[in-house]
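A.B. asks: Give the three-dimensional model of this entry:
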Amino acid sequence: MEPKKLLIMQMLTEHLSAEIGVPGCMFDMRPQPRKDDPSVDERRVYRGRTIFGEDDPVPAISILEAPVDPRASTEVASTGTNREQVISEWTLFVQGWVPDDEENPTDPAYRLAAAIEHRLGLLFAKSRFGNPLDPKTYLLGGRVAEIKIGASTVRPVDDLSVHAYCYLPVVLTLAGDVSQPFEAAE
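C.D. replies: Below you'll find the predicted structure:
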């Protein structure tokens with residue numbers, strides 16, 4: 001058994017650990033062999049990591065829970081069965097770091113932000129007939145009721161990072177029984 005939120009984070013990590021983007025603007029976010037030891041794969045997508053230094057391979061992505069916003073929507077409704085149903089918005093930041101471009105430092109970050117947005121969009125993509133394109137990953141396997149992707153922000157190298165970076169807010173609408181925060185891992 002795992003916390004439902006952790007399962008969602010794990011699914012997002014797995015979903016982004018792929019070749020993302022479109023032809024001509026692709027990023028390989030699958031684990032890559034380490035330079036110092038090719039027998040060991042090094043991840044490119046992380047959960048909860050906030051800093052990537054000069055020696056860390058880029059591109060890299062990290063998924064972080066946003067600081068709690070006291071204005072966030074949380075509705076609690078009684079079901080009449082002594083179980084409380086909660087509907088809440090959970091905001092995550094998907095951050096990406098990219099290799100440097102000396103002439104136009106943020107261009108690679110704009111490309112990575114677009115590739116991340118494109119890949120996340122597949123989580124709620126439907127065919128022209130209204131069927132999920134990928135039922136397994138659609139709405140994170142049905143674990144969320146809605147996914148909203150906010151506008152990306154791109155920053156050059158600064159006091160916070162030795163690499164240009166981007167971040168996108170992703171808002172997941174969660175609905176469920178507050179007495180059941182765990183779920184069996186698949």
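A.B. asks: Show me which residues of stretch 44-64 are buried.
C.D. replies: Across stretch 44-64, burial judged by 16 or more other Cβ atoms under 10 Å covers 44-47, 49, 52, 58-64. No exception for glycine: its C-beta is placed from N, CA and C like everyone else's.
A.B. asks: Closest one of these to Glu146?
C.D. replies: The shortest approach to Glu146 among the buried residues of stretch 44-64 belongs to Ile63, at 17.8 Å (Cβ to Cβ).
A.B. asks: Can you give the distance from the helix or strand hosting that closest one to the centre of its chain?
C.D. replies: Assigned by DSSP states H and E, Ile63 belongs to strand 60-65. The chain centroid and the centroid of strand 60-65 are separated by 6 Å under Cα atoms, centre = their mean, to the nearest Å.
A.B. asks: How about stretch 49-67?
C.D. replies: Distance, centroid of stretch 49-67 to centroid of chain: 12 Å (Cα atoms, centre = their mean).
A.B. asks: Could I get the CA-only coordinates of it as PDB?
C.D. replies: Written as PDB, here are the backbone C-alpha positions of stretch 49-67 (Å, rounded to 0.1, in the frame of the first residue of the first chain):
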ATOM      1  CA  ARG A  49      14.700  17.400  -6.200                       C
ATOM      2  CA  THR A  50      15.200  21.200  -6.200                       C
ATOM      3  CA  ILE A  51      18.800  21.700  -7.200                       C
ATOM      4  CA  PHE A  52      20.800  20.600 -10.200                       C
ATOM      5  CA  GLY A  53      24.500  21.500 -10.200                       C
ATOM      6  CA  GLU A  54      27.200  21.800 -12.800                       C
ATOM      7  CA  ASP A  55      28.100  18.100 -12.600                       C
ATOM      8  CA  ASP A  56      24.500  16.900 -12.900                       C
ATOM      9  CA  PRO A  57      23.400  15.700 -16.400                       C
ATOM     10  CA  VAL A  58      20.900  17.800 -18.100                       C
ATOM     11  CA  PRO A  59      18.300  17.900 -19.400                       C
ATOM     12  CA  ALA A  60      16.600  16.900 -16.200                       C
ATOM     13  CA  ILE A  61      13.100  17.200 -14.800                       C
ATOM     14  CA  SER A  62      11.900  17.300 -11.200                       C
ATOM     15  CA  ILE A  63       8.300  17.200 -10.000                       C
ATOM     16  CA  LEU A  64       7.600  19.100  -6.800                       C
ATOM     17  CA  GLU A  65       4.600  19.800  -4.700                       C
ATOM     18  CA  ALA A  66       3.800  23.500  -4.700                       C
ATOM     19  CA  PRO A  67       3.800  25.300  -1.300                       C
END
